[in-house]
Structure formats: C-alpha cells, structure tokens
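1. build the 3D model from these lines:
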Amino acid sequence: MLLQPGSTCWRVDTAWRAQVLIDSAAYFAAAKSAMLQARRSIYLLGWAFDPLTQLMPDASGSGPLDDQAGPFLADLAKARPDLDVRILVWKSALPIAASQHFFPHRARRCFRGTPVRFRLDASVPLGACHHQKVLVIDDVVGFCGGGDMTTDRWDTPEHLDDDPQRRTPFGDIHAPRHEVMMCVEGPAAAALGELFRRRWLRATSEAVKPSGEAEAPTPWPLGLDAPFAGVRVGLARTEPAWRGQPEVRESEALHLLAFAAAKRLIYLENQYVAAPAIADALAARLAEPDGPEVVVISTEHSPSWFDRMTMDKTRSALLAQLQAADRYGRFHAYCPETRGGRTIIVHCKATVIDDHLLRVGSTNLNNRSSGFDSECDLAIEATDAPDDAPVRAAIAAHRTRSLAHFLGVYEAQMEATLQAADGKVGDAIAALDQGPQPRLRRLGPVRMGPLAQLIATFHLGDPAAPSDSWRPWRRRAAIRAGVEAATLLRQAAPERATDWPVLKSEDFIQGD
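-> Residues are numbered from 1 along each chain as shown. A predicted model of the protein is given here:
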C-alpha cells in the first residue's frame with residue numbers, strides 16, 4: 001500500500017463520498033452550496049482569501065453583493081448565531097499582499113464587527129508560507145486542493161480566450177486558469193477539520209472544539225455526483241521544522257514511493273516542476289526498459305517575473321534531464337493553451353498513478369513544497385482486489401476527463417483514443433491534437449545564460465528547508481538528502497531495479 005500513516009501520510013480515513021472538481025467554477029459553486037447547508041461550522045485555510053471573490057459570477061463578471069465570498073460568509077454568520085465561521089490565511093509579506101491588491105486588509109475590514117473570525121497566520125519560518133487550501137463544513141464535508149478564494153481563480157473547463165465572467169473587481173479579465181479540488185464526505189473531511197484546529201491553535205493559542213457527530217443530511221453540495229464511494233483517503237502534509245515543531249515530509253514521501261511503484265503511467269499536473277529529488281526519481285523510471293510512461297502538464301511560463309526567473313529556469317534543467325533519460329520514448333511534457341493560443345495557467349497540483357492512486361492538493365513539485373512551506377494533499381488509493389474495480393475505474397475516468405478538457409474533446413472520444421493507443425497517453429494526445437493550434441503544446445528546456453545557471457544551480461527562491469532558506473550555499477547539500485531519499489525508495493522496489501546508468505540532476509545545470 002502506498003498510503004502508510006506516519007510515513008507517506010498523516011492518517012487514512014474513509015470518505016463516504018468523494019468527487020474531483022475540475023476548475024474553480026465547479027469548486028466555488030460546490031463550496032457555496034455546501035456552506036449554505038452548514039449547521040455548526042465553516043473552516044477555511046488558505047494561502048490567500050479575497051472577500052471580493054465572486055463565487056458564481058454572471059456574464060458581466062460580477063454579480064450580487066451577497067455572492068461575494070466575504071459578504072456571503074458574514075451574512076451566513078449573522079443569520080445563524082450557532083454557526084462558527086473561521087478563516088485562517090497566511091500572513092503574507094507586504095510585496096505579495098500588494099500584488100494581490102492587499103486582500104488581507106480588505107478581509108479585515110469586511111469582517112470587522114461580524115461574527116466571522118478572520119486571522120492571519122505567521123507561524124512559519126522567515127521566508128516560508130502557509131500554502132494549504134482547505135474548506136471544511138460541519139466536519140463532515142471538506143474540500144482540499146490547489147485553489148484559493150481570490151479574484152483571479154475562477155474559470156470553466158472551456159478556458160475561453162476572453163470570458164467576461166473572469167473579469168476581476170479591478171476591471172481586467174484575468175488569464176485562463178486550471179485548478180483542481182477534491183471534495184470528500186465523512187471521516188476524511190473530519191481529518192481536514194482536525195488539521196484546521198491544529199493550525200488555529202498554533203496561530204492563535206485558542207483551542208477549538210470539534211463540531212460533533214455528523215447529522216443527516218450532510219451538507220454535500222446539491223447536484224454533485226460522487227463517483228467514489230466508501231474509499232480510503234490519505235491526508236499527506238508538509239510542515240517545516242520550526243520552534244520545536246518537528247519536520248513533516250509526508251507529501252514528498254508519497255510522491256517518491258508512488259513513482260517507484262508505478263507500472264504504466266505517472267501523470268502529473270503541477271504548477272512548478274523543479275525539485276531534484278522528483279527529477280531523479282522520474283529519470284530512474286524512464287531509464288528502465290519496462291518502466292511507466294511519464295506525462296507532465298505545466299504552465300508554459302509562470303505569471304510572475306520572480307517565478308519565471310526561479311521556478312521556470314530550474315524546470316528547464318529538469319526537463320533536459322528527463323529528456324536525456326528518456327531512452328525508450330516514454331516522457332511527454334506539455335503546456336495547455338486555449339483555442340486562440342493563449343497560455344492556460346496550470347495552478348493545480350494533481351497526480352494519477354496508473355489507475356491506483358489519485359492525489360489532489362496544494363503540493364507543488366518543487367523544494368519548498370517538500371520541506372519549507374506548509375502543504376496538504378488528499379489521496380485516494382485502490383488495490384488490485386476485485387472489490388476495488390469501481391475505484392480504479394473512477395480514477396481512470398478522472399484522468400480521461402482531465403485530458404479531454406485540455407484537448408477540447410468529448411470524454412468518450414478521449415477514452416476511445418486511449419484504448420486505441422493501448423493506454424499510451426502521449427500517443428493519444430498526438431492522435432487528437434491535430435489542429436493548426438495545438439491545445440497541448442510540447443514543453444521543453446530553454447537555453448540559459450549565466451544568471452539562469454546561477455539560479456538553477458542553487459535553486460534560488462526555492463529552499464529545501466529552513467536550514468538553507470537564507471543560506472543558498474547550503475542548498476545543494478540539503479537537496480542531496482532528498483535525492484538520497486528518492487534513491488532509497490527506488491531500491492525498496494527491487495522488481496524495478498535496473499543496471500542502466502541514471503543521469504543526475506546536477507549534470508543538467510549547465511550553460512549554453
């Protein structure tokens with residue numbers, strides 16, 4: 001089993017129902033529906049929260065005031081005196097808050113004089129951030145993934161070039177954006193509630209009691225189908241060592257063990273792909289004659305200048321390494337685009353391993369998410385047992401649905417093409433993406449000058465742990481520890497052992 005409490009996850013619980021929501025239009029609508037049914041509590045963890053976020057925008061990109069996330073929650077709390085509404089987001093540095101139109105200050109003003117408890121959380125090492133994105137209603141329905149409730153996140157699976165519903169309160173239409181969230185019901189949601197209470201206690205020194213036993217009917221979003229029923233769900237975290245708090249690297253461990261165990265497919269949708277431990281683990285599998293196909297879908301370039309200089313340059317070295325290791329033609333990297341050729345920002349963090357593991361959360365494939373920032377992912381695991389056949393089918397269906405939405409084709413067409421390609425995702429994409437404007441364009445390394453070499457060599461802006469956060473000269477040693485962990489996990493799967501030499505990440509941090 002990949003989900004091992006105390007190693008690759010914090011705990012494993014049952015979800016009575018579960019669904020994966022593709023893009024924030026689905027998440028915001030489901031979240032609003034669940035919150036309208038709340039009886040006891042609404043807990044929200046985020047990297048950011050903007051009270052002006054329109055949950056269900058109309059054709060003009062706006063809507064009624066009570067559809068904005070801030071007034072919506074304030075009105076709910078006022079109307080239901082027994083409802084405990086708490087929001088805890090990272091206390092971001094001033095330049096980051098400024099880039100998001102000072103959302104913390106707006107939120108404070110919005111909730112002043114209301115029953116909503118809004119707090120900023122600074123309980124991380126200097127330079128680190130709280131990156132968990134979690135919403136829990138009554139401790140019985142929970143959401144976890146890559147999306148925050150902010151004004152530049154809403155989009156539909158169509159990713160239209162100029163959708164007026166993506167208009168922000170500041171007048172501009174933000175870029176198309178891909179997000180993924182998982183919705184769970186039952187004990188798996190209660191685990192997210194416990195995660196929130198631990199964070200709240202650490203940030204505010206105030207203990208919060210659990211919401212109590214679930215009542216029927218639960219606040220499951222109205223009209224939301226549930227292809228997963230009675231499934232095992234693991235909760236994996238990253239927490240940095242800080243002020244006596246031990247380091248937690250469950251998120252990284254789950255990735256590495258899953259990569260080592262994959263038989264046919266490692267499918268990754270991720271904002272940042274830059275960690276050497278991840279690169280070396282994937283390169284090792286690509287070097288095997290009978291290893292899995294590796295498919296990466298990421299953004300052509302990050303939205304911010306800082307991330308373009310740091311994460312994108314390091315990703316270029318990683319892509320070069322994987323291309324060199326790909327002696328059997330099983331590596332494919334893509335960046336999605338709209339029908340008109342606009343870049344779709346891939347902000348989600350989702351993984352599918354064969355049809356046995358489906359993982360959704362906040363964890364990027366970079367150093368920060370492995371040991372410096374706080375992260376939280378949910379993972380559904382299926383076994384080979386006949387009873388788990390519906391779970392395996394639901395995992396495969398999600399993979400098909402996600403690929404179809406990128407390519408702009410029907411799911412049935414995507415599935416038929418995959419079957420014709422003997423399950424090979426790269427061949428299926430090549431067969432379907434034949435138009436003059438590719439929807440999934442090949443993503444490869446770029447030439448790097450001296451500054452880019454320096455950034456990639458020392459992973460500037462991407463520390464591996466608090467011990468190297470302000471000491472980049474220590475970073476390579478810190479990263480090496482993660483690479484060694486990946487090697488140990490690979491060795492734990494002797495049936496996958498190979499005598500092929502594996503190219504290492506440091507071999508690809510070079511100049512022109």
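
2. okay, CA-based contacts and neighbour counts for the rest of this
-> Will do.

3. now the closest residue to residue 133 other than its chain neighbours: phi and psi?
-> Leaving aside its chain neighbours, residue 133 sits nearest to residue 46 (4.5 Å; criterion: C-alpha to C-alpha, 6 or more residues apart in numbering). Dihedral pair for residue 46: phi -160, psi 160, per degrees, to the nearest 10.

4. please tell me how far residue 46 sits from residue 177.
-> Distance, residue 46 to residue 177, by C-alpha to C-alpha, to the nearest Å: 18 Å.

5. returning to what we had before: OK, contacts around the residue nearest to residue 133?
-> Residues in contact with residue 46 (C-alpha atoms under 8 Å, 6 or more residues apart in numbering) are 88-90, 130-134, 148-149.

6. tell me how many other residues crowd residue 205.
-> By other C-alpha atoms under 10 Å, 10 other residues sit near residue 205.

7. got the contact list for it?
-> Shown in contact with residue 205 (C-alpha under 8 Å, 6+ apart): no residues.

8. tell me the domain ranges of the chain?
-> By the record's domain assignment, the chain is partitioned as 11-212+223-231, 234-499 (automatic domain parsing).

9. CSV for those, including distance to residue 3?
-> Output for the domains of the chain, formatted as CSV (distance: least, C-alpha to C-alpha, whole Å):
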stretch, distance to residue 3
domain 11-212+223-231, 7
domain 234-499, 6
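
10. format these as a markdown table; extra columns: mean pLDDT and distance to residue 5.
-> Below are the domains of the chain laid out as a markdown table (pLDDT from 0 to 100; distance: least, C-alpha to C-alpha, whole Å):
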| stretch | mean pLDDT | distance to residue 5 |
| --- | --- | --- |
| domain 11-212+223-231 | 93 | 5 |
| domain 234-499 | 87 | 8 |
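
11. can you say which of these is nearest to residue 2?
-> The closest of the domains of the chain to residue 2 is domain 234-499. By C-alpha to C-alpha, the value is 6.5 Å.

12. give me the nearest residue to the most centrally placed residue in the chain, chain neighbours excluded.
-> Nearest to the geometric centre of the chain sits residue 349, at 2.5 Å (C-alpha atoms, centre = their mean). Excluding its sequence neighbours, the residue lying closest to residue 349 (C-alpha to C-alpha, 6+ apart) is residue 270, at 4.5 Å.

13. list the contacts for that neighbour?
-> Going by C-alpha under 8 Å, 6+ apart, residue 270 touches 296-298, 346-350, 364-365.

14. mind running it again at 10 Å?
-> Residues near residue 270 by C-alpha atoms under 10 Å, 6 or more residues apart in numbering: 146, 178-179, 296-299, 346-351, 362-366.

15. torsion angles phi and psi at the residue nearest to the centre of the chain?
-> Residue 349 adopts backbone torsions of phi -140, psi 90, taken as degrees, to the nearest 10.

16. check the one 3 residues further on too.
-> Geometry field for residue 352 lists phi and psi as phi -130, psi 130, criterion degrees, to the nearest 10.

17. for residue 262, see how far away it is.
-> The gap separating residue 352 from residue 262 is 10 Å, by C-alpha to C-alpha.

18. compare those two (neighbour count), which wins?
-> Using other C-alpha under 10 Å as the criterion, residue 352 and residue 262 rank with residue 352 on top: 24 against 21.

19. report the buried residues of the helix or strand hosting residue 77.
-> Using DSSP states H and E, residue 77 falls within helix 69-79. Across helix 69-79, burial judged by 16 or more other C-alpha atoms under 10 Å covers 69-74, 76-77.

20. now do that helix: distance to the chain's middle.
-> In terms of C-alpha atoms, centre = their mean, to the nearest Å, the centre of helix 69-79 is set 27 Å apart from its chain centre.

21. now do the helix or strand that that helix is followed by against helix 69-79, angle only.
-> With elements assigned by DSSP H and E, the helix or strand that comes after helix 69-79 is strand 84-90. Strand 84-90 and helix 69-79 meet at an angle of 150 degrees, taking axes from the mean of the first three to the mean of the last three C-alpha atoms, to 10 degrees as the criterion.

22. which other helices and strands contact strand 84-90?
-> strand 41-46, helix 69-79, helix 103-111, strand 117-121, strand 134-137, helix 187-204 (3 or more C-alpha pairs under 10 Å, 6 or more residues apart in numbering; DSSP states H and E).

23. in stretch 376-390, what counts as buried?
-> Burial within stretch 376-390, assessed by neighbour count using 16+ other C-alpha under 10 Å, is assigned to 376-382.

24. turn the contacts of residue 46 into TSV, columns for distance to residue 266 and neighbour count.
-> Formatted as TSV, the contacts of residue 46 follow (distance: C-alpha to C-alpha, whole Å; neighbours: other C-alpha atoms under 10 Å):
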residue	distance to residue 266	neighbour count
88	34	24
89	32	23
90	32	23
130	27	27
131	24	24
132	24	29
133	24	25
134	25	30
148	26	29
149	29	25
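
25. which members of those define the maximum pairwise distance?
-> 130 and 149 (14.7 Å).

26. outside of stretch 73-81 itself, list whatever touches it.
-> The contact list for stretch 73-81, computed with C-alpha under 10 Å, 6+ apart, reads 32, 35-36, 38-42, 51, 66-67, 71, 83-87, 110-117.

27. CA atoms only for it, dumped as CSV, please.
-> What follows is stretch 73-81, C-alpha atoms only, in CSV (Å, rounded to 0.1, in the frame of the first residue of the first chain):
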residue,chain,number,x,y,z
LEU,A,73,-19.9,34.4,4.8
ALA,A,74,-20.6,37.5,7.0
ASP,A,75,-24.3,37.2,6.2
LEU,A,76,-24.3,33.5,7.0
ALA,A,77,-22.6,34.0,10.4
LYS,A,78,-25.1,36.8,11.3
ALA,A,79,-28.1,34.8,10.3
ARG,A,80,-27.1,31.7,12.2
PRO,A,81,-25.8,32.6,15.7
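
28. chain center to that stretch, what's the gap?
-> For stretch 73-81, the distance from its own C-alpha centre to the chain's C-alpha centre is 30 Å (C-alpha atoms, centre = their mean).

29. likewise for stretch 303-322?
-> Distance, stretch centre to chain centre, for stretch 303-322: 18 Å (C-alpha atoms, centre = their mean).

30. all good on my end, thank you.
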